[in-house]
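**Student:** Fold the following for me, if possible:
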Amino acid sequence: MDDPTQPPAQPPAEPPRRDPPPFEPAPLPAAPEPTRGGVAARVARPFVAFFTELRDDLAHNNNGPKWTWEDVSVFIFTTVLLGVFYYYCRPGFFRRELWHETAELIAMSRDHPYYGLLPYAWWAVMSILCRMLLPCLFIWFILKDSVREYGYRIRGETEHARIYLLLYAVMFPVVYAVSLTASFQGKYPFYKQAILGWDHFVLYQLLYGVQFIALEAFFRGFVIFALFKRFGYYSLLIMSIPYCMIHFGKPAPETFGAIIAGLALGYLALKSKSWLYGGLLHWSIGITMDLLAIMHRGGFKN
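**Tutor:** Numbering: from 1, shown residues only. You can find the predicted model right below:
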């Protein structure tokens with residue numbers, strides 16, 4: 001029986017609440033003391049410690065989401081291809097290293113009317129190789145997936161096709177306004193002999209168009225659809241970074257406009273499940289830009 005003269009018993013106090021400690025990488029294991037080749041071991045020790053720390057950081061990822069080797073391989077493959085294309089696949093590399101040798105190989109003299117088109121033929125062929133063929137091989141043999149899941153479809157969701165026509169109508173007055181500037185007229189067309197006549201212009205545009213199709217296949221095809229599996233629609237933002245950077249050296253309005261255009265074309269590619277419409281739109285804009293530049297400079301010479 002309880003004693004009424006004693007105060008009621010107090011419930012036991014709860015232990016103080018402790019917040020979980022912030023994540024810290026696991027301490028590095030102590031490197032073994034060198035026994036042989038003391039100097040070499042001491043030189044190698046900081047490198048061993050560095051790569052051990054890197055391994056632990058990648059394993060924990062700051063307690064963030066776990067990545068698969070497919071995720072990492074897509075980023076590495078994309079970065080390597082961007083570097084290879086920049087240094088070895090553009091017309092400038094061909095002019096410096098391969099122009100005269102290639103012309104001799106195909107028996108084309110320097111006074112041939114289409115001698116100047118060779119660098120752009122190289123650009124087109126290497127665009128197919130580095131931006132279409134190699135990514136397709138990567139999809140088949142590394143990701144073990146179908147290229148149809150990366151926008152390689154002749155026909156996408158046709159209800160989005162009209163949006164591309166609307167985009168062209170919206171972009172035309174902007175392109176026209178920019179074409180009035182001296183920097184634009186000095187930049188386009190890249191193939192300066194395109195102004196000589198329709199034969200030069202059409203042949204160049206065919207090669208130029210191949211480059212546009214391959215560009216869309218890479219950025220709005222492989223890159224976006226591969227990253228979409230991990231990042232969803234945020235893959236558009238990731239893609240826009242390298243896509244903007246490949247425009248460095250072009251007129252500033254075009255470079256900044258590439259951010260908006262890239263995001264719009266990327267979103268439409270995801271919705272239509274095809275990058276082909278975007279490639280045709282991009283090519284159409286390229287033809288328009290070159291025609292406007294030629295018109296402002298007095299039209300075709302012949």
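
**Student:** Quick check: buried residues in stretch 88-95?
**Tutor:** For stretch 88-95, the neighbour count (16 or more other C-beta atoms under 10 Å) marks Cys89, Arg90, Pro91, Phe93, Phe94 as buried. Using the backbone N, CA and C atoms, a C-beta is placed for each residue, glycine as well.

**Student:** Then stretch 145-157?
**Tutor:** Val147, Tyr150, Gly151, Tyr152, Arg153, Gly156.

**Student:** Same check on stretch 107-127?
**Tutor:** In stretch 107-127, counting by 16+ other C-beta under 10 Å, buried: Gly116, Leu117, Leu118, Pro119, Tyr120, Ala121, Trp122, Trp123, Ala124, Val125, Met126, Ser127.

**Student:** for stretch 231-248, what is the average pLDDT?
**Tutor:** Over the span of stretch 231-248, the pLDDT mean works out to 96.

**Student:** residues in contact with it?
**Tutor:** Stretch 231-248 is touched from outside by 78, 82, 86, 219-220, 223-224, 227-228, 254-256, 258-259, 262-263, 266-267, 270, with contacts defined as C-beta atoms under 8 Å, 6 or more residues apart in numbering.

**Student:** where does it sit relative to the chain's centre, distance-wise?
**Tutor:** From the chain centre to the centre of stretch 231-248 is a distance of 6 Å (C-alpha atoms, centre = their mean, to the nearest Å).

**Student:** what helices or strands is whichever strand or helix holds Val84 leaning on?
**Tutor:** Here Val84, judged by DSSP states H and E, is contained in helix 69-88. Contacts defined by 3 or more C-beta pairs under 8 Å, 6 or more residues apart in numbering; DSSP states H and E place helix 69-88 against helix 118-128, helix 134-141, helix 224-231.

**Student:** what does stretch 73-92 rub up against?
**Tutor:** Residues contacting stretch 73-92 (C-beta under 8 Å, 6+ apart): 93, 119-120, 122-123, 126-127, 129-131, 134-135, 138, 142-143, 190, 218, 222-223, 226-227, 242, 246.

**Student:** tell me which of the buried residues of stretch 88-95 is nearest to Tyr176?
**Tutor:** Pro91 (26.5 Å; C-beta to C-beta).

**Student:** Excluding sequence neighbours, find me the nearest residue to the closest one.
**Tutor:** Pro119 (3.6 Å; C-beta to C-beta, 6 or more residues apart in numbering).

**Student:** and that neighbour, what does it touch?
**Tutor:** Per C-beta under 8 Å, 6+ apart, neighbours of Pro119: Pro91, Gly92, Phe94, Arg95, Trp99.

**Student:** any idea how far it lies from Asn302?
**Tutor:** Distance, Pro119 to Asn302, by C-beta to C-beta, to the nearest Å: 22 Å.

**Student:** ok, now Met295?
**Tutor:** 15 Å.

**Student:** Pick out whichever of these two has more residues nearby.
**Tutor:** Shown here are Met295 and Asn302; by other C-beta atoms under 10 Å, Met295 has more neighbours (12 against 8).

**Student:** Where does the more buried one sit, in terms of helix or strand?
**Tutor:** helix 276-296.

**Student:** Residues in contact with that helix: which ones?
**Tutor:** Looking at what lies outside helix 276-296 - C-beta under 8 Å, 6+ apart - the contacts are 151, 153-154, 156, 160-161, 164, 167-168, 171-172, 175-176, 179-180, 184-185, 187-189, 194-195, 201, 205, 208-209, 212-213, 215-217, 220, 265, 268-269, 300.

**Student:** just the buried members of those?
**Tutor:** Here, 16+ other C-beta under 10 Å leaves 151, 153, 156, 160-161, 164, 167, 171, 175, 179, 184-185, 188-189, 194-195, 201, 205, 208-209, 212-213, 215-217, 220, 265, 268-269 buried among the contacts of helix 276-296.

**Student:** Nearest spatial neighbour of Phe228, chain-adjacent residues omitted?
**Tutor:** Ser235 (4.7 Å).

**Student:** Quick one: end-to-end distance for stretch 229-239.
**Tutor:** 14 Å (C-alpha to C-alpha, to the nearest Å).
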